[in-house]
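K.L.:
below are the sequence and a predicted model for it; my questions follow.
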Amino acid sequence: MKLLALDTSTDRLCVALCGKGGVQAHEEPGGPQASQRLLPAAQALLARNGLVWADLEGLAYGEGPGAFTGLRGACAAVQGLALGLGLRAVGVCSLLIVAEDARQQAVDRGLLRTEQACTVAVAVDARMDQVYDKQVRWDGRRWHSLSEAQVRSPDAVATEWAGPRAKASRPEAEPWVLAGSGLGLMPEAAVLALRAQALCWVPNTANRAEALGRSAAAAWTEGPHLDAALVMPRYVRDRVALTTAERLGGGSSLTPAAQAAASGST
């Protein structure tokens with residue numbers, strides 16, 4: 001089938017077209033212009049593959065967690081397309097996209113076989129001195145969630161990942177991959193301990209749009225398929241900014257660096 005996937009949950013604008021020929025992908029810088037560039041980029045990708053909007057049979061979107069404004073942009077675009085084209089859609093966890101990209105990087109480096117089982121722990125910078133984190137397991141054919149996406153301090157995530165409970169949850173001798181921009185926010189001592197346990201350390205995505213396409217195709221196969229009215233972002237953090245009082249230093253439990261980041265976040 002012909003499935004179009006859109007993602008603007010990070011500072012990258014990603015579009016992927018899935019079909020019998022595999023995944024055709026487009027990726028470019030996102031930022032403030034992402035909402036204006038998203039549909040033209042998607043239309044250009046369709047045109048390069050000899051398709052028009054009416055040829056599509058399904059839609060997918062990066063549902064979050066991620067940048068508040070970016071999540072709403074991709075969600076709104078997919079809602080409009082689903083309604084206008086009479087299509088259904090599936091959401092793709094943004095942290096799963098990072099995990100899929102990291103797994104493929106490990107395969108490309110010769111560290112994993114394509115169908116080899118592994119566990120991937122993802123931590124993505126969420127600003128405000130926090131990270132979004134989640135652990136997933138690849139069984140050789142599909143992904144399984146080992147934990148819900150949540151937002152926490154990098155220290156708390158590193159402590160849990162290095163702890164005995166996390167080790168016990170992973171099959172013995174199964175490769176462990178650590179991924180995401182949040183890895184760079186973890187304490188140095190924790191980083192050294194975690195890297196000693198992990199098969200590979202993947203702080204940056206290499207082909208996010210392609211990973212989006214593979215994840216979207218899998219999500220469509222598994223379902224559920226959503227009506228346009230049910231297409232919505234997944235918010236993990238309830239707050240996206242500090243109050244005026246907190247920015248002035250009254251009653252905030254955040255560090256100065258977190259307060260500065262939050263005062264400029266959207």
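P.N.:
Received it, and whenever you're ready, just let me know what you need. Residues are numbered from 1 along each chain as shown.

K.L.:
quick check: bridge partners of the spatially closest residue to Arg48 that is not a sequence neighbour?
P.N.:
Across the structure, with C-beta to C-beta, 6 or more residues apart in numbering as the measure, the residue nearest Arg48 apart from its sequence neighbours is Gln24 (7.4 Å). (Glycine included, C-beta is placed from N, CA and C.) Listed beta-bridge partners, Gln24: Leu17 (assigned using DSSP bridges).

K.L.:
domain boundaries for the protein, per the record?
P.N.:
Each domain of the chain is listed here as a residue range: 3-93+207-230, 95-202, per automatic domain parsing.

K.L.:
please name the nearest non-neighbouring residue to Glu112.
P.N.:
Residue 112: Leu, not Glu. Distance criterion C-beta to C-beta, 6+ apart; nearest residue to Leu112, sequence neighbours excluded, is Ala106 at 4.3 Å.

K.L.:
in the helix or strand hosting the one you found, which residues are buried?
P.N.:
Of the helices and strands defined by DSSP states H and E, Ala106 is found in helix 94-108. By 16 or more other C-beta atoms under 10 Å, the buried positions in helix 94-108 come out as 94-106.

K.L.:
with just CA atoms, put the following helix or strand past it into PDB.
P.N.:
Using DSSP H and E, the next helix or strand after helix 94-108 towards the C-terminus is strand 118-127. Taking Å, rounded to 0.1, in the frame of the first residue of the first chain, the C-alpha atoms of strand 118-127 are listed here in PDB:
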ATOM      1  CA  CYS A 118      18.400  -6.400  20.900                       C
ATOM      2  CA  THR A 119      17.200  -4.000  23.500                       C
ATOM      3  CA  VAL A 120      17.400  -0.200  22.800                       C
ATOM      4  CA  ALA A 121      17.300   2.400  25.600                       C
ATOM      5  CA  VAL A 122      16.400   5.800  24.300                       C
ATOM      6  CA  ALA A 123      16.900   9.200  26.000                       C
ATOM      7  CA  VAL A 124      16.100  12.400  24.000                       C
ATOM      8  CA  ASP A 125      16.800  15.900  25.200                       C
ATOM      9  CA  ALA A 126      13.600  17.400  26.500                       C
ATOM     10  CA  ARG A 127      15.100  20.800  27.600                       C
END
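
K.L.:
in its sheet, what does strand 118-127 sit against?
P.N.:
Next to strand 118-127 in the sheet, as set by DSSP bridges, lie strand 130-138 (antiparallel), strand 176-179 (parallel).

K.L.:
how far does the next helix or strand after the last one sit from the chain's center?
P.N.:
Following the chain from strand 176-179 toward its C-terminal end, the next helix or strand by DSSP H and E is helix 188-197. A distance of 23 Å separates the C-alpha centroid of helix 188-197 from that of its chain, computed with C-alpha atoms, centre = their mean, to the nearest Å.

K.L.:
I'd say the residue nearest to Arg48 and Ala5 touch.
P.N.:
No. At 10.7 Å, Gln24 and Ala5 do not qualify as touching, with contact defined as C-beta atoms under 8 Å.
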